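S.K.: got a structure for you, letters missing:
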């Protein structure tokens, strides 16, 4: 699917959510090329769905009338993936070495159909296993979500009840 088609579909989805709340649309540019995502399509879709849901939750911090479009162009979650046929799911091993989470994306914040802020971002958290997590230890993709929270808080809109590091 061409990027322009993806943006058009994302825009239609955003319009269908209604004007009362901020709309967040997330598209993934060739997720099959992302590094270290699960091999099984259903597992990859599940992981990217969790990231999409997180972006949409963050969208609640946007001022009323603003919408956010995100195109993820690369994503490498924390750790390294080890195929694990016995358990039925791949196993993610995190050593805290050169296996930090990273993401590249393009974004646009719109208000009344006009782009008021846009850009490209490279997110990374080299110290992902250091410091405190406000997200539960049992939360899937907690390191990736914290990395996204940091970017969103600094770039898009302040998050309520967020300690700045």
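M.R.: That came in fine, so what should we check first? These numbers come from a predicted model, not from an experiment. Numbers count the residues shown, from 1 in each chain.
S.K.: Show me where the chain has its helices.
M.R.: For the chain, the helices defined by DSSP state H occupy 3-16, 41-58, 142-155.
S.K.: In terms of mean pLDDT, which of those helices ranks lowest?
M.R.: Of all the helices of the chain, helix 3-16 carries the lowest average pLDDT, namely a mean of 46.
S.K.: Quickly note the distance from the most centrally placed residue in the chain to residue 114.
M.R.: Closest to where the C-alpha atoms of the chain average out (CA atoms, centre = their mean) is residue 51, at 4.4 Å. Separation of residue 51 from residue 114 (CB to CB, to the nearest Å): 27 Å. To be clear about C-beta, it is placed using only N, CA and C from the backbone, and glycine gets the same treatment.
S.K.: Then residue 48?
M.R.: 29 Å.
S.K.: Looking at those two, which one has more neighbours?
M.R.: Per other CB atoms under 10 Å, whichever of residue 48 and residue 114 has more neighbours is residue 48, with 18 against 7.
S.K.: residues contacting residue 93?
M.R.: Contact analysis of residue 93 by CB atoms under 8 Å, 6 or more residues apart in numbering lists 79, 80, 82.
S.K.: what does residue 155 give?
M.R.: Residue 155 touches 107, 119, 121, counting by CB under 8 Å, 6+ apart.
S.K.: and with 7 Å instead?
M.R.: residue 121 (CB atoms under 7 Å, 6 or more residues apart in numbering).
S.K.: With the one 5 residues further on instead?
M.R.: Remark: with contacts taken as CB under 7 Å, 6+ apart, residue 160 is in contact with residue 61.
S.K.: Pull out the buried positions in stretch 140-149.
M.R.: 141, 142, 143, 144, 145, 146, 147, 148, 149 (16 or more other CB atoms under 10 Å).
S.K.: same check, this time on stretch 98-108
M.R.: Quick answer for stretch 98-108 (16+ other CB under 10 Å): 99, 100, 101, 102, 103, 104, 105, 106, 107, 108.
S.K.: returning to what we had before: and which of the buried residues of stretch 140-149 is nearest to residue 72?
M.R.: Of all the buried residues of stretch 140-149, residue 72 sits closest to residue 148, with 10.2 Å by CB to CB.
S.K.: Good, we can wrap up now.
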